[in-house]
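J.: Got a sequence here, can you build the structure:
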Amino acid sequence: MRITRSRSLMAAGVLASTALVLTGCASGGTDTATDAASDLTIGAIDLAAAGCPATVTIQTDWNPESEHGHLYSMFGDDAVIDASNKSVSGPLYASGEYTGVNLEVRAGGPAIGFQTVSSQMYTDSDITLGYSNTDESLRLSPDMPTTAVFAPMEINPQMIMWDPATYPDVETIADLTKAGAVIKYFGGAAYMDYFIGAGIVPEAQADGGYDGTPANFVASGGKDAQQGFASAEPYIYENEVDSWDKPVKFQLIHDAGYQIYASAVTVRSGELEELSPCLTALVPVLQQAEVDYFDDPAATNALILDLVDQYDTGWVYSEGVADYSVKTMLDLGLVSNGDNDYIGDFDEARVQKIIDSDTPIFTKLGTPPVEGITPADLFTNEFLDQSIGLK
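T.: Numbering: from 1, shown residues only. Presented below is the predicted three-dimensional model:
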């Protein structure tokens, strides 16, 4: 089960829905998407000639949201929504030009029974690429090895949040627990095992009973803290949870020392060599798509909101959250070029730190990673175009 999405159960009528219907998108399937591409002229980038499959299928880790904007920005007005299968398909565009192949983006989370994307990739061979966190790839390395080829997020947006009125002097998670707060989180999250082991969170103050709704946070009156996503919950709790309706404060899990790459775009490791010619052409398209999305997210966000509405999984995502997410991802550096001038690369030392910290945790839990695993087993930067970055 995908345990890091704290928004999974917020549907139950807590928030009001705002859906923006995108004209030009209709229910249908891959055949309709193929028809849409039949009269198009291939532009400067020919992914078909590069050896990419006729349909590049990407499995995401959650419902459509702004964090996935780089994927949905590669669709045009001829995208076809398959609401029953929670997917959207159509010609794959690179900066507005057709690339010779189709794109299919599939929703995760409830759409795949909350299982990991890695397990879905090994269940369905039609999936070309999938999202996986660094710690997920490490934990599943013995039986479902994946190699990340693009990091759309420089910093994991996951955070621990608290009520600043209750804890006015708290700035960090360590301060929070020293002040006596109990932190509610989804049980089984590796970051909490790391925090407990590092002495940041005493075990007695870690409550793995979080259910994804605001109910317990609100009921505690600010006494308890809670996991969430910096790119969503601060806006939601201040603007869309009527029983709270005030600011929260937070620290990113990344800034507290647990520095995974979240939602990294991965391939099945055994197919890396076979897909290399395609990835050489495709990964720079992904990089540019992210740059284009953050330069002008409006049309893509309209598609995302339409998908949420049509998929109707019970999850709510408003235009306000989508806009807040885009701004926050840039303001906090969740999406950035990192320490260079291009987007999407992985840092070897950072991945090694996750291997060092999580291997004992996963071994204790009975799911040890591959013995002797190295960062090179979990990622490669070889397909990135160093000229493509946020300006």
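J.: Ignoring the adjacent residues along the chain, who's closest to Gln386?
T.: Nearest residue to Gln386 in three dimensions, chain neighbours excluded: Tyr342, at 4.6 Å (CB to CB, 6 or more residues apart in numbering). Yep, even glycine has a C-beta here, placed from its N, CA and C like the rest.
J.: Then Pro164?
T.: Counting by CB to CB, 6+ apart, Lys249 is the residue found nearest to Pro164 once chain neighbours are left out, at 4.2 Å.
J.: Phi and psi next, for the one you found.
T.: As for Lys249, its main-chain torsions (degrees, to the nearest 10) stand at phi -120, psi 160.
J.: show me the contacts for it.
T.: The contact partners of Lys249, taken as CB atoms under 8 Å, 6 or more residues apart in numbering, are Met161, Trp162, Asp163, Pro164, Tyr167, Val170.
J.: Go through those and name the one nearest Val308.
T.: Minimum distance to Val308 across these is 22.9 Å, recorded for Met161 (CB to CB).
J.: I'd like to check what contacts the one helix or strand that closest one maps to. Which residues are they?
T.: Following DSSP states H and E, one finds Met161 within strand 158-162. Residues from elsewhere that reach strand 158-162 (CB under 8 Å, 6+ apart): 4, 170, 173, 176, 181, 183, 185, 191, 222, 225-230, 233-234, 237, 248-254, 256, 262.
J.: Okay, and which of those residues map to strands?
T.: Judged by DSSP state E, strands contain the following of these: Ile183, Ala225, Gln226, Gln227, Gly228, Phe229, Lys249, Phe250, Gln251, Leu252.
J.: low-scoring stretches of the chain, by residue?
T.: Segments of the chain classed as low confidence (criterion: pLDDT under 70) are 1-36.
J.: Identify the residue nearest the geometric centre of it.
T.: For the chain, Ser263 is the residue whose C-alpha lies nearest the centre (CA atoms, centre = their mean; 3.9 Å).
J.: Assess the claim that Gln227 and Tyr210 are in contact.
T.: Yes: counting by CB atoms under 8 Å, Tyr210 is a contact partner of Gln227 at 6.2 Å.
J.: Next secondary structure after the helix ranked longest in the chain?
T.: Identified as the longest helix of the chain according to DSSP state H is helix 272-295. Of the helices and strands lying after helix 272-295 in sequence (DSSP H and E), the nearest is helix 298-311.
J.: so the helix or strand that that next one is followed by versus strand 225-229, what angle?
T.: Later in the chain than helix 298-311, the nearest helix or strand by DSSP H and E is helix 319-331. In terms of direction (axes from the mean of the first three to the mean of the last three CA atoms, to 10 degrees), helix 319-331 departs from strand 225-229 by 90 degrees.
J.: which of the residues in the next helix or strand after helix 319-331 are buried?
T.: Tracing the chain past helix 319-331, the next element assigned as helix or strand by DSSP H and E is helix 348-364. Of all the residues in helix 348-364, those buried under the rule 16 or more other CB atoms under 10 Å are Arg350, Val351, Lys353, Ile354, Ile355, Ser357, Asp358, Thr359, Ile361, Phe362.
J.: try stretch 306-319
T.: If you call a residue buried by 16+ other CB under 10 Å, then stretch 306-319 has these buried ones: Asp306, Leu307, Val308, Asp309, Gln310, Tyr311, Trp315, Val316, Tyr317, Ser318.
J.: dump the residue contacts of the closest residue in space to His68 that isn't next to it in sequence.
T.: Take His68 and drop its neighbours on the chain: the residue closest to it by CB to CB, 6+ apart is Thr60, 5.4 Å away. By CB under 8 Å, 6+ apart, Thr60 lies in contact with His68, Leu71, Val105, Arg106, Ala107, Gly108, Val117, Gly130, Tyr131, Ser263.
J.: for Thr380, same thing?
T.: Residues near Thr380 by CB under 8 Å, 6+ apart: Thr147, Ala148, Val149, Leu272.
J.: burial measure for the third one, as a count.
T.: In this case it means Val149. Val149 has 25 neighbours, counted by other CB atoms under 10 Å.
J.: would you say Ile260 is within a strand?
T.: No: going by DSSP: H, G, I helix; E, B strand; the rest coil, the assignment for Ile260 is coil, not a strand.
J.: Look up phi and psi at the closest residue to it other than its chain neighbours.
T.: In this structure, Ile260 finds its nearest non-sequential neighbour in Thr134, 4.0 Å apart by CB to CB, 6+ apart. The phi/psi pair for Thr134 (degrees, to the nearest 10) reads phi -60, psi -40.
J.: tally of neighbours for Thr134?
T.: Neighbour count of Thr134, defined by other CB under 10 Å: 27.
J.: surely it meets Ile354?
T.: Yes: A contact is recorded between Thr134 and Ile354 when judged using CB under 8 Å, the distance being 5.1 Å.
J.: quick one: which of Gln227 and Tyr210 has more around it?
T.: Neighbours were tallied for Gln227 and for Tyr210 using other CB under 10 Å; the higher tally belongs to Gln227 (24 against 21).
J.: Export the longest strand belonging to the chain to CSV, keeping only CA atoms.
T.: The strand that spans the most residues within the chain, counting by DSSP E, is strand 97-106. This file holds the C-alpha atoms of strand 97-106, laid out as CSV (Å, rounded to 0.1, in the frame of the first residue of the first chain):
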residue,chain,number,x,y,z
GLU,A,97,5.3,19.3,-31.5
TYR,A,98,4.2,15.7,-32.1
THR,A,99,6.9,13.2,-31.3
GLY,A,100,5.7,10.2,-33.3
VAL,A,101,4.4,8.2,-30.3
ASN,A,102,1.4,8.2,-28.0
LEU,A,103,1.5,8.8,-24.2
GLU,A,104,-0.7,7.1,-21.6
VAL,A,105,-0.6,8.3,-18.0
ARG,A,106,-2.3,6.1,-15.4
